[in-house]
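**Q** I would like the atomic coordinates for the input below:
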Amino acid sequence: MLAVPPQPLPLFAGTSFSDGSFRRPFSWSKLNNSSSRRLALPVAAVARDEDDFTKYSGYVFELNPAEEDSLTEYNIAKIAAFYQKKPLIVFRRLVQIGSTLGKWFAVRYMDTVNERADEMFKIRAAELRKILLQLGPAYVKIAQAISSRPDLVPPSYLDELSLLQDRITPFSSEVAFEMIEQELGMPIDVVFSEISPEPVAAASLGQVYQARLRSTGEVVAVKVQRPGVQSAISLDVLILRYLAGLIKKAGKLNTDVQAVVDEWASSLFREMDYKREARNGIKFRQLYGAIQDVVVPEMHLERTTRKVLTMQWLEGQKLAGVKDLYLVEVGVYCSFNQLLEYGFYHADPHPGNLLRTYDGKLAYLDFGMMGEFKQEYRDGFIEACLHLVNRDYSALAKDFVTLGLIPPTSDKAAVTEALTGVFRDAVAKGVRNISFGDLLGDLGFTMYKFKFQIPSYFSLVIRSLAVLEGIAIGINPDYKVLGSTYPWIARKVLTDSSPKLKASLRALLYKDGQFRIDRLESLLSESLRAKTERSLIENQNGGTDTKVVIKQILSFTLDDKGAFVREILLEEFAKGMDALGVATLDSVTNAVATRLPFSPSRPSSMTDEDITNLRNLQRLLLLISGLRENENPRMVNGVGTSNEQMMSLNGAPVALRQFEAVQEFLPLLSVLPELPQDMQQQLLLLPADLAGKLASRVAARTLKRVFL
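**A** Here you go, the predicted structure:
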């Protein structure tokens, strides 16, 4: 956690806070215990120009306190009933939205007709930003989400829309201080000994002041809600929801667009409740605050109300501005934990909400917009990623049904064929090159054809992932959030205790009873990329020491979480040892027979299954020894090796000669003393477990030969 020194802090350039920030240096305003209840403000604070939202849309929120308090919860029926009594305001708002946006689209069309589109690009982008500021928070929020996708938005528009995260004009500090006193129920000088006379950050929903608590001397951030946002957003959501209904009918869409608007609006209403935001921040800190190099500010509930939030002060720079790839990886890991481990996730991770502190840590800010991802959907999402990477499109089609993306009545064969066409090229490039944004774009036609639906719960998940990839692309154009998240997915599916994921793992590794070791190799290989330590991430392109790989594999398989995979490995080792015994017996028998006169040739007793099991044993030994198959020239090439190829000219089995390579790995046994004591004890139990499984297979084989 970032320590805050006791003396007044200057605001460094680049400090970021909340969902967007207006920043300026300031001097502290001392508050006197004996002062009047009103703080004397600098002339600049009182005489500042009125912000565009108040200037152009102030009529929307001319409500008395009782009316405004009736709109604190998102209830579309209640909102509709409320504004039915105010038809003139609704009509005026419709005219304002239609005229401003309609005029802009018309002018943009004329630019195209007059072949001036490229020339006027920057000018129109600036005009659009000003229009959105005039229309208010709902439209600013939509633009902020779009502005986090540099791969989808033209650069000129991206530059202008990004200013909505950085340069929003604040409202009057006099009004803000009055609200603080009203909400906290006491004079401002009783709560704070010092406070900045001007806001240090201004966002679409509120603005932030830096202050010092009189009781403890701690420097804090005080966020004050912008007047009128509740009523303005209520009306705009009502209008947007109505337009969503028209779009669904006109486009004959299968997705309930109004439900998507409802989900977004519900999260927006929750974001306007600062008490809820404080509780979210506390929960977020409990779940993710211990992650290495992640910082979550402390909340002061006793100084927080629905419209005023007091929290720990943090300083730093926007993550997108410092191009710190390590912190991007930390963010990916933290997002993995949010979405797939605990299901409580930050649904608004745009650049204004991710901060690089001055001691090099990733700070999360603004916990108003959070989402919940249920366990069954988390498991379904993990399964879908596994099936996508392994090109199992038939299973992927079933996953889409589980996730609620396609109706259960859809033609599964046709959907599978369509998904194969969409994903084949993307997956062929390798998991590390799969772009989440590209996948969504490629799915467009297929979604329309097969009446895909975007469940309301999933809209925020998609937005969260897309925004995160957008931030990363701004730092590294080749970054792929799915490719960076997949190692954690691989590790989770290998270690999770969920019966559903265990069943999925077994189905992935076995087909018609045959072990697919290449898939286990892939999962283990990917899971070893799941690193968060700075030194490992910085050196990940410089090669990995074999000893380190062995230690990681052993630690993984001997840990309690690796029990399920360990059991599978023991089963396959037993199969391989059994096959090795048969190969050895055949070799000895043939060697003896060749020395006897008139001895008939004896066919090998090894089956194709034995050959496969022997092959798998060889690959497993190399895998655990930290080597890859192509690093050992003694390996048999291909699972389909014939019985004759399993025998050498001298009668000694090729299998035995290949296992001479194991001697090369013996010096690496020095890894074992470095393992924790409990893992060493678990290792000592493995020979007995393996012997038991091997004895069972030998007994079963013997009985089969006797009675069949």
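
**Q** would you map the strands across the stretch 351-500 of the chain?
**A** For the stretch 351-500 of the chain, the strands defined by DSSP state E, counting those that start in this stretch occupy 354-357, 362-364, 370-372.

**Q** how about the stretch 101-250 of the chain?
**A** Assigned by DSSP E, counting those that start in this stretch, the stretch 101-250 of the chain shows strands spanning 192-195, 201-202, 206-213, 219-225.

**Q** quickly, which of the strands of the stretch 351-500 of the chain bottoms out on average pLDDT?
**A** Per-stretch mean pLDDT for those is lowest at strand 370-372 (a mean of 85).

**Q** how far away from the center of its chain is that strand?
**A** Centre-to-centre, strand 370-372 and its host chain are 12 Å apart (C-alpha atoms, centre = their mean, to the nearest Å).

**Q** for that strand, buried residues please.
**A** 370-371 (16 or more other C-beta atoms under 10 Å). (C-beta placed from N, C-alpha, C; glycine too.)

**Q** ok, it: who's next to it in the sheet?
**A** Paired strands of strand 370-372, with direction, are strand 344-346 (antiparallel) (DSSP bridges).

**Q** which other residues reach the partner strand?
**A** Here strand 344-346 makes contact (C-beta atoms under 8 Å, 6 or more residues apart in numbering) with 283-284, 287, 335, 338-339, 353, 364, 367, 369-373, 461, 464.

**Q** the same query, at a cut-off of 10 Å, please.
**A** Residues from elsewhere that reach strand 344-346, judged by C-beta atoms under 10 Å, 6 or more residues apart in numbering: 280, 283-284, 286-288, 331, 334-339, 353-354, 364-373, 460-461, 464-465, 467-468.

**Q** and residue 617, how many neighbours?
**A** Neighbour count of residue 617, defined by other C-beta atoms under 10 Å: 23.

**Q** same question but for residue 475, I mixed them up
**A** Neighbour count of residue 475, defined by other C-beta under 10 Å: 17.

**Q** same thing with residue 706?
**A** Using other C-beta under 10 Å, residue 706 has 7 neighbouring residues.

**Q** and if you look at residue 62?
**A** Neighbour count for residue 62, taken as other C-beta under 10 Å: 11.

**Q** quick check: buried residues in the helix or strand encompassing residue 77?
**A** Following DSSP states H and E, one finds residue 77 within helix 76-84. Across helix 76-84, burial judged by 16+ other C-beta under 10 Å covers 76, 79, 82-83.

**Q** give the rounded mean pLDDT of the helix or strand harbouring residue 563.
**A** Of the helices and strands defined by DSSP H and E, residue 563 is found in helix 563-594. When pLDDT is averaged along helix 563-594, the result is 84.

**Q** buried sites along that helix?
**A** Per 16+ other C-beta under 10 Å, helix 563-594 contains these buried residues: 564-566, 568-570, 572-580, 582-583, 586-587, 590.

**Q** work out the gap between it and the centre of the chain.
**A** Averaging C-alpha positions (C-alpha atoms, centre = their mean) puts helix 563-594 44 Å from its chain's average.

**Q** how about stretch 287-307?
**A** That offset, for stretch 287-307, works out to 20 Å (C-alpha atoms, centre = their mean).

**Q** so which of the buried residues of helix 76-84 is the closest to residue 478?
**A** Nearest to residue 478, judged by C-beta to C-beta, of these is residue 76 at 42.7 Å.

**Q** let me see the contact set for the closest one.
**A** Residue 76 neighbours (C-beta under 10 Å, 6+ apart): 234, 237-238, 241, 258, 261-262, 265-266.

**Q** among these, who's most crowded?
**A** Neighbour counts for those (other C-beta under 10 Å) peak at residue 234, which has 29 neighbours.

**Q** where does the stretch 401-550 of the chain have low pLDDT?
**A** 425-426, 429, 431-432, 435-454, 456-457, 459-460, 463-464, 467, 530-549 (pLDDT under 70).

**Q** sorry, back to before: using PDB, write out every CA atom in the helix holding residue 77.
**A** Only the C-alpha atoms of helix 76-84 are listed here, as PDB (Å, rounded to 0.1, in the frame of the first residue of the first chain):
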ATOM      1  CA  ILE A  76     -37.700   1.300 -15.600                       C
ATOM      2  CA  ALA A  77     -41.500   1.200 -14.900                       C
ATOM      3  CA  LYS A  78     -41.100   3.800 -12.100                       C
ATOM      4  CA  ILE A  79     -38.900   6.000 -14.300                       C
ATOM      5  CA  ALA A  80     -41.400   5.800 -17.100                       C
ATOM      6  CA  ALA A  81     -44.300   6.700 -14.800                       C
ATOM      7  CA  PHE A  82     -42.300   9.600 -13.400                       C
ATOM      8  CA  TYR A  83     -41.500  11.200 -16.800                       C
ATOM      9  CA  GLN A  84     -45.000  10.600 -18.100                       C
END
